[in-house]
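[1] Build me a structure from this.
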Amino acid sequence: MMFKKGMIATLGVVAATMFVTLPVQAAVKPVGQVTTLLEPSYGATKQIAIWDVVPENWVVTQVSVDTKTIKYTGGATYGARLQIVKNNLIPLNWVVTSASFDYFYITYVGGAEFGNRIQTIKTTPIPPNWVITQATTDYFTLTYAGGAQYGQMLLTTRTTPIPENYVVTTVTTDNLWIKYVGGAPVGESVRIAKLSPIPAGWEVTLVTTDSVWIVYRG
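    Residues are numbered from 1 along each chain as shown. Next up is the predicted model:
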């Protein structure tokens, strides 16, 4: 009986010890739990060392001897403007509208609607679905070609990039007429210039001296 009571007492001590140590295990983060960091809002600024790499979606707005001031461009709305130092990479969907000795002035064109226009310097990157509709010695006029409906046309310069699902219908000395053929019904035929790209789903049916006929097969 004394032996049995001794065992019970010993088990009680072990149980008490486990009770004290178990809460430490309970504090361990469950498997699969993810810690998330809040994304900065548009326009947030911070300073980093001059040798630090600029993170994605940030641009340098000021430079000193040993630091850089950077600004967050994510979350911008159409038409937002920033002044940045010239050695920046231009973020996607931003264009350079003017420049000074040390700075670029950039504008956000994400969220544009078909036909929206903006004047840029000629060294600007041209975002997807924008075309050059006018060119002068120093500037481009860019027009947004996205959001078009089948059959809509734009008059562009000869040097413009041609967006997806557009074809060139007419070529002049200085210009191209381009036509949007996305959303065409199966069997639709279009006459295009020989230098035109042929979008996916279209098939050449006839070639003449100066043009090509294509039909949409789906």
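[2] Give me the buried positions along stretch 74-92.
    The neighbour-count check on stretch 74-92 (16 or more other Cβ atoms under 10 Å) flags 76, 80, 82, 84, 88, 90-91 as buried. All C-beta atoms are positioned from the backbone trio N, CA, C, and that covers glycine.
[3] Can you check the distance spanned by that stretch, start to finish?
    Criterion Cα to Cα, to the nearest Å; first-to-last residue distance in stretch 74-92 is 10 Å.
[4] Now do it, average pLDDT.
    Computed over stretch 74-92, the mean pLDDT rounds to 96.
[5] re earlier: would you list the buried residues of stretch 74-92 in a markdown table and tack on secondary structure and distance to residue 57?
    Shown next, in a markdown table, are these (DSSP: H, G, I helix; E, B strand; the rest coil; distance: Cβ to Cβ, whole Å):
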| residue | secondary structure | distance to residue 57 |
| --- | --- | --- |
| 76 | coil | 10 |
| 80 | coil | 13 |
| 82 | strand | 12 |
| 84 | strand | 13 |
| 88 | coil | 12 |
| 90 | coil | 12 |
| 91 | coil | 6 |
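[6] between these, which is nearest residue 183?
    Residue 183 lies nearest to residue 76 out of those, by Cβ to Cβ, at 29.5 Å.
[7] And the residue nearest to the spatial centre of the chain, how far from residue 64?
    Closest to where the C-alpha atoms of the chain average out (Cα atoms, centre = their mean) is residue 92, at 4.5 Å. Per Cβ to Cβ, to the nearest Å, residue 92 is found 28 Å from residue 64.
[8] and what of residue 43?
    20 Å.
[9] how is the protein carved up into domains?
    Following automatic domain parsing, the chain resolves into domains at 42-111, 115-218.
[10] Endpoints of the first one, how far apart?
    Across domain 42-111, the terminal residues are separated by 15 Å (Cα to Cα).
[11] Ok, stretch 102-122 next?
    Termini of stretch 102-122 sit 17 Å apart (Cα to Cα).
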